[in-house]
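J.: Mind folding the following:
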Amino acid sequence: MSNASEGRKGLSDTDLQDLVAQADTGGRSPTGPVGVLLLVTAVAWSLFQLWYASPLPFMLNFAILNDTEARSIHLAFALFLGFLAYPALKRSPRSYIPIQDWVLAIAAAFCAAYIFIFYRDLAQRPGMPTQFDLIVSVIGMLLLLEATRRALGPPLMIVAIVFLIYTFAGPYMPSVIAHKGASLARTMDQQWLTTEGVFGIALGVSTSFVFLFVLFGSLLDKAGAGNYFIKVAFALLGHLRGGPAKAAVVASGMTGLISGSSIANTVTTGTFTIPLMKRVGYPAEKAGAVEVSASVNGQIMPPVMGAAAFLMVEYVGISYVDVIKHAFLPAIISYLALLYIVHLEALKLGLKGMEKPNPKTLPMALITFGITIASIIILSGVVYYGVGWIKTAFGDAASPIIAVLVLAAYIGLVWYSTTVPELVMDDPNSPLVKLPETAPTVKAGLHFLLPVVVLIWCLMIERLSPGLSAFWATAFMIFILLTQRPLIALFRKTDTLAAMRQGTVELIDGLATGARNMIGIGIATAAAGIIVGTVSLTGIGLIMTEFVEFISAGNLMLMLIFTAVISLILGMGLPTTANYIVVSTLMAPVIVELGAQSGLLVPLIAVHLFVFYFGIMADVTPPVGLASFAAAAISGADPIKTGLVSFYYSMRTAILPFIFIFNTELLLINIGGPLHLIITVAAAVIAMLVFAASTQGFFLVRSRLWESAVLLLVAFTLLRPGFWMDMLYPPLERVDPKQIVEVVAQKPEDAMLRVVVEGLTLDGKEISKTVRLPLGPKADGAERLQFAGIEVIEDDGKMLVDNVVFGSPAEKAGIDFDWEIKVVELPVETPDKQWMFVPALILLGGIMLLQRRRRTDGPAPATA
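T.: Down below sits the predicted model:
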């Protein structure tokens, strides 16, 4: 048996690709005219999405579509390809498409496109569906559920059916969750004929943003960027202790730009990295677990995050740039902690790195590294300020000039890549694998970074919408695929015509693969819209608030644990996007509301990131962690053991959401300046490394139990210093509410007022919660309170809300008439909470001294 077969328990590359296809693109790949039709349909979908995202419809005043029409066409493509690409059963044919699937595909596409086809007729009779409308809606709903089962498995279909049953059976439910119910006509109108259900925000985000980012990644991969990222990671890190594992972490983080799928990422990089990790001494389970942990985290790594990140833009009401800003630090420290974990595993196992060609001495290596970093910083500054100068100097003519400069840079970098040998992926199962040389490897694909730079520039600097940013980056990728190989052939003096044909084939393949990767996401967002539609139709969101409050007894930590468990359980069968939609729709408002009732003002973005993080953890968690199964198929290890080790490695990711709910500085919220930012980042990095060391039981040497406990204490203090400081110095002073007008008048401009209010809700329930209200510019107290949206009156020794302005911050915070202002809370001068870092670092230094002494006294204890 070959090494490859032995390492994979007989799974070939074809088997692995089939594994990815079954999860992401559909298991069918028929040949002949049917295969051509599937290819043409997938390419047509990609071209439609490019047209919809581009400025061309408005420039040409042709085929301008509104959001609802575009969503309808988007779902029609997804359902048509879903029935053709995904077999009904395991025993269903893979090489051809049965006649019944053709019938279902055409019917599903018609039902989805119904809103587009009859858009004007439906607009003239809103809320009054005809009998034919209802027939189409019912058939469409049934076919959507079947497509969901095929593409995503039974769990999401079952969840959607449960919510539909709940819609109709409301009067017969237990009193705690009962509602008046809805008729078939009302339900179908809500779910299929409006944008409140299937064609809601989730499908809109899939249509406007997600498709283009997935397509961008697919084209980048077809151009060869995946191989380039893997080779660069190995060239830079492969020679270090446990180098293949460290290279796997970095390569998976970089290929997260290409693939939003944990499974595809695991297979793409794992096929190369896992055998090499095993070769240098990592056990099979740990080799697979490292790859899984790194691949899954690709979804939380800015600037191209998972599909759920784009949904946050709509659900939270902030820009995608803000989502990137808030997600950046947790993602970085999570990856750094994983790098440290694999380093500690290498230390425990006594592993070494791979042999580095032409090794440099340490001083020379440091000098080279310093020059490289300095060059990147200088070049970035030149580009940033140079482009700014061009835009200032040339105005409207700046765009063509910048485009010519980018084109010149691209041609120059392609020529530069031909000065070194072309990158070829090594066989990781061959008897001898040598590390590539760093400089030639980096030079061979620098032009792959240009479209990523264009994407980041459009998002972060030009502040274009995510859809338009992805369009320009994707358009550039199409240009690269068409010209890259002909230019290389021209510079290398080889067959240019053959290179042009190859580039065209790769472009068509990339367009088709991008569309097929979107089938599951498009169907998942539509099916999840059923849950969203049910919530708005039945009012179950309010019921969930009461139910969760009852379960958690009003304790925020218990509620967060409850939410995390729900995410993990649902995620065992739901893809990350659908899991996020379901849990955030039901739980995010509950966490914010109950947090306010317990005196903690939780930003909405923190709650949504909390749900997002635990949604991606489901790809790891046994017994259904699909990424763990994919890694085990490559490593030859037991998939359940691989999943358990992956979950153990991913504890660093699981602990972060609990921390940033209570310490929002980790999300870069309320950062006071550069020094505050530096201290926050440094403390977070040190804390996560210390947390990794404590959970691994190894720091400088193998840790004793009490040392691991102290390291956990240090990590907690660095991540949440306010926990201890607030015990020593309460941060708030409670003021008599009768002084509210005087207090507000003395507040500085644009200050916030923090008050505890109490009153009856519309359903007669008495609640007490903390709210923050903006006070606006300087004025007298009454005017500033009116700016916040309330008027107050003293009655029988109590301060009552006499009026609430509709649409004001007070009304949005849930304050109502006749509520009592119980307490006004004012911040007081206290020592900075960062002073708690001092005792934490002293404790850390003590542990380091003890372990350093043990390391010098003798060798580390024997490892298992």
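
J.: Just the mean pLDDT for the top helix by length along the chain, thanks.
T.: Looking across the chain with DSSP state H, the single longest helix is helix 496-538. The pLDDT scores in helix 496-538 average 91.

J.: So for Asp13, what's the pLDDT?
T.: 57.

J.: nope, Gly140 is what I was after
T.: At Gly140, pLDDT is 96.

J.: Pull the contacting residues for the residue nearest to it when sequence neighbours are not counted.
T.: In space, Gly140 comes closest to Cys111 once its chain neighbours are excluded; the distance is 3.1 Å by Cβ to Cβ, 6 or more residues apart in numbering. C-beta here means a position set from N, CA and C on the backbone, and glycine is covered the same way. For Cys111, the contact set (Cβ atoms under 8 Å, 6 or more residues apart in numbering) comprises Leu79, Val136, Ser137, Ile139, Gly140, Leu143, Trp192.

J.: Work out for me the element Val824 sits within.
T.: strand 820-827 (DSSP states H and E).

J.: One more: Asn803?
T.: strand 798-804.

J.: distance between that strand and the chain's centre?
T.: 43 Å (Cα atoms, centre = their mean, to the nearest Å).

J.: Going forward, count from 323.
T.: Understood, numbering begins at 323; the last thing we discussed is strand 1120-1126.

J.: Got the domain ranges for the protein?
T.: Domain ranges of the chain: 325-525, 528-842, 1054-1151, per automatic domain parsing.

J.: which one of those lies closest to Ile1169?
T.: domain 528-842 (14.5 Å; Cβ to Cβ).

J.: Now find how far off-centre the closest one is within its chain.
T.: The answer for domain 528-842 is 17 Å, by Cα atoms, centre = their mean.

J.: Span of that domain from start to end?
T.: By Cα to Cα, to the nearest Å, the extent of domain 528-842 from end to end equals 11 Å.

J.: All the strands of the protein, residue numbers only.
T.: Remark: strands assigned in the chain by DSSP state E are 1054-1057, 1074-1082, 1088-1096, 1112-1117, 1120-1126, 1142-1149.

J.: Now for Pro1059: which residues touch it?
T.: Pro1059 neighbours (Cβ under 8 Å, 6+ apart): Val1077, Lys1120, Met1121, Glu1142, Ile1143, Lys1144, Val1145, Val1146.

J.: Most neighbours of all these, which one?
T.: Ranked by the number of neighbours (other Cβ atoms under 10 Å), these place Val1077 first, at 25 neighbours.

J.: Could you tell me what pLDDT the model assigned to that residue?
T.: pLDDT, Val1077: 89.

J.: Check Gly628 too.
T.: According to the model, Gly628 scores 69 on pLDDT.

J.: repeat for Val458
T.: We note a pLDDT of 96 for Val458 in this prediction.

J.: quick one: it and His396, what's the gap?
T.: Per Cβ to Cβ, to the nearest Å, Val458 is found 18 Å from His396.

J.: try Leu727
T.: Taken as Cβ to Cβ, the span from Leu727 to His396 is 35 Å.

J.: More neighbours: these two, which one.
T.: Using other Cβ under 10 Å as the criterion, Leu727 and His396 rank with His396 on top: 28 against 14.

J.: what's the closest non-adjacent residue to that one?
T.: For His396, ignoring the flanking residues on the chain, the nearest one in space by Cβ to Cβ, 6+ apart is Thr529 at 4.2 Å.

J.: Give me the neighbour count for the one you found.
T.: 30.

J.: returning to that earlier point: how far does the longest helix of the chain sit from the chain's center?
T.: For helix 818-860, the distance to the chain centre is 17 Å (Cα atoms, centre = their mean).

J.: now do stretch 425-437
T.: 31 Å.

J.: Quick one: mean pLDDT over it.
T.: Here the average pLDDT along stretch 425-437 is 96.

J.: List the buried residues for it?
T.: When burial is assessed from 16 or more other Cβ atoms under 10 Å, stretch 425-437 yields the following buried residues: Leu426, Ala427, Ala429, Ala430, Ala431, Phe432, Cys433, Ala434, Ala435, Tyr436, Ile437.

J.: wait, what's in contact with the nearest residue to the last one once chain neighbours are set aside?
T.: What that stands for is Ile437. Leaving out its chain neighbours, the residue that sits closest to Ile437 by Cβ to Cβ, 6+ apart is Ser394, at 4.2 Å. For Ser394, the contacting residues are Ala434, Ala435, Tyr436, Ile437, Phe438, Tyr441, Phe521, by Cβ under 8 Å, 6+ apart.
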